[in-house]
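Peer 1: With the input below, show me the fold.
(2 chains)
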Amino acid sequence: DQQVKQNSPSLSVQEGRISILNCDYTNSMFDYFLWYKKYPAEGPTFLISISSIKDKNEDGRFTVFLNKSAKHLSLHIVPSQPGDSAVYFCAARVSGTYKYIFGTGTRLKVLA
Amino acid sequence: SQTIHQWPATLVQPVGSPLSLECTVEGTSNPNLYWYRQAAGRGLQLLFYSVGIGQISSEVPQNLSASRPQDRQFILSSKKLLLSDSGFYLCAWSVLGSSPLHFGNGTRLTVT
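Peer 2: Below is the predicted model of the structure:
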């Protein structure tokens, strides 16, 4: 079964602090991992991605970490800003396909 | 640059009525195309994806169908809507290789 799980439905963080969003996956048949940000009534916006051959990728305030042995993916946002308040989805692509599986999302609230 | 158009933005349909949602992509050739659905309080569920004209992969058995009559056009249809078809429908595209999905703004479908 190809599953991507986000076990925390919500997270609150003070402005300026680090936000850490987590994602777990249940098998090793994923080769590409992504994070998306979504506002209500809009489509998700791509944030950052990482290939399965890497363990870290940075883009400005966003860093994605991949721990393949633990089948765990995380997104760090530093420093957090009120505009980061949104729902964040992790996603994974099934190896050898163009099929992308999404998690259930984590609602991040950054408090001013 | 590439753009994706999805319409309508909102739709209210009675149970048993037909459905047709259309998505077009501009600025790229031979994209991979996707339909996702987000039900209330749920994650993004992959419904269909297509890697070429006439090539449709169905992920969820239900009363929905998809077609790709042209390279950059993807259509989601139903002959008879069910209450459970209500949700936020998202079209997305990607290109070959390690490319993220890019989403349209979605269609909010309410079946009454």
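Peer 1: Give the helix, strand or coil label for residue B:84.
Peer 2: Look at residue B:84: counting by DSSP: H, G, I helix; E, B strand; the rest coil, its state is helix.
Peer 1: residue contacts, it?
Peer 2: By CB atoms under 8 Å, 6 or more residues apart in numbering or on different chains, the contact set of residue B:84 is residue B:111. Quick note: C-beta positions are derived from backbone N, CA and C, even for glycine.
Peer 1: now swap in the one 3 residues further on and tell me
Peer 2: Under the criterion of CB under 8 Å, 6+ apart, the neighbours of residue B:87 are B:37, B:38, B:39, B:40, B:109.
Peer 1: which SSE is the fourth one in?
Peer 2: Taking DSSP states H and E as the definition, residue B:40 sits outside all helices and strands.
Peer 1: circling back to that earlier point, neighbour count says what about the contacts of residue B:87? Which are buried?
Peer 2: B:37, B:38, B:109 (16 or more other CB atoms under 10 Å in any protein chain shown).
Peer 1: residues touching the last one, list them.
Peer 2: This points to residue B:109. Residue B:109 makes contact with B:10, B:11, B:12, B:13, B:19, B:21, B:85, B:86, B:87, B:88, B:89, according to CB under 8 Å, 6+ apart.
Peer 1: out of these, which are inside strands?
Peer 2: Counting by DSSP state E, those place B:10, B:11, B:12, B:13, B:19, B:21, B:87, B:88, B:89 in strands.
Peer 1: so what's the fifth one up against?
Peer 2: Just to be clear, that refers to residue B:19. B:11, B:13, B:64, B:76, B:77, B:78, B:81, B:85, B:109.
Peer 1: From those residues, list the buried ones, please.
Peer 2: Buried subset of the contacts of residue B:19 (neighbour count, 16+ other CB under 10 Å): B:11, B:13, B:64, B:76, B:78, B:81, B:85, B:109.
Peer 1: partners of the first one in the sheet?
Peer 2: Meaning residue B:11. residue B:109 (DSSP bridges).
Peer 1: Next, the distance between the ends of stretch B:69-80.
Peer 2: Taking CA to CA, to the nearest Å as the measure, stretch B:69-80 stretches 21 Å from start to finish.
Peer 1: just stretch B:73-93 next, same as before
Peer 2: When the termini of stretch B:73-93 are compared using CA to CA, they are 10 Å apart.
Peer 1: wait, residue B:82 sits on residue B:63?
Peer 2: Yes. Using CB atoms under 8 Å, residue B:82 is in contact with residue B:63, at 6.3 Å.
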